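# Sequence and predicted model, in that order:
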Amino acid sequence: MRRNIAIALTAATLIAGTIAAPSAFAGTSTAQAYSCHYSVSGGNAYAGYYSGNTVIPSSGGVSSAGIEAQCLLKRAKFDPGTIDGVFGPRSQAAAKRFQTLMNDAFGYNTAIDGIVGQETWPALRWYAEYNA
């Protein structure tokens, strides 16, 4: 019985610690502005926070994909607002303007939804490299 209680308490402590642990981007309750550190590889621009093409930036909290997408939109001259990692309404509007341009000027068939996902990431990385 004591062993089961000890195991349960250990598990509860581990779970509580995981839930309460701060994320890599947590800190204060006020928004933090991030710096963009651009590099180029294979004809694509990167800002130093996320190098993939699949993660969708979060509108509900700070994410590395959010910072990356905001940096690339800014480099491509589509103002996402403050580079804070939260992909909110202003960032989504910038992404929609970018998606519209890619469809109209370059023949893409990307949904104009303000979501930077599998279709938008490669185009954004390419465009941010050549149109900075």
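Sure thing, it's come through. Just so you know, these numbers come straight off a predicted model, no measurement behind them. Numbering: from 1, shown residues only.

# Show me where the protein has its helices.
Using DSSP state H, the helices assigned to the chain run over residues 2-20, 64-75, 89-106, 120-130.

# and those helices, which one's lowest on average pLDDT?
Of all the helices of the chain, helix 2-20 carries the lowest average pLDDT, namely a mean of 38.

# wait, what's in contact with Q92?
Residues near Q92 by Cβ atoms under 8 Å, 6 or more residues apart in numbering: S59, G114, I115. C-betas here are computed from N, CA, C, even on glycine.

# Could I get the contacting residues of the first one?
In other words, S59. Listed by Cβ under 8 Å, 6+ apart, the contact partners of S59 are V86, F87, G88, Q92.

# For the third one, give me its contacts.
Applying Cβ under 8 Å, 6+ apart, one finds that G88 lies in contact with S59, G81.

# again, 6 Å this time
By Cβ atoms under 6 Å, 6 or more residues apart in numbering, G88 lies in contact with S59.

# Same question for the one 10 residues further on.
The neighbours of F98, taking Cβ under 6 Å, 6+ apart as the test, are F78.

# Roughly how far does it sit from F106?
11 Å (Cβ to Cβ, to the nearest Å).

# How about D79?
Separation of D79 from F106 (Cβ to Cβ): 20 Å.

# Out of the contacts of S59, which sit inside strands?
Among the contacts of S59, none falls in strands (DSSP state E).

# Grab the two from the residues you listed that are most spread out in space.
Spatial extent of the contacts of S59 (Cβ to Cβ) is set by the pair V86 and Q92 at 10.7 Å.

# Give me the buried positions along stretch 119-132.
Residues E119, T120, W121, A123, L124, R125, W126, Y127, A128, E129 are the ones in stretch 119-132 that count as buried (16 or more other Cβ atoms under 10 Å).

# Ok, stretch 101-109 next?
Applying 16+ other Cβ under 10 Å to stretch 101-109 flags L101, M102, Y108 as buried.

# Going by distance to Y46, which of these wins?
Distances from Y46 to the buried residues of stretch 101-109, taken by Cβ to Cβ, are shortest for M102, at 18.6 Å.
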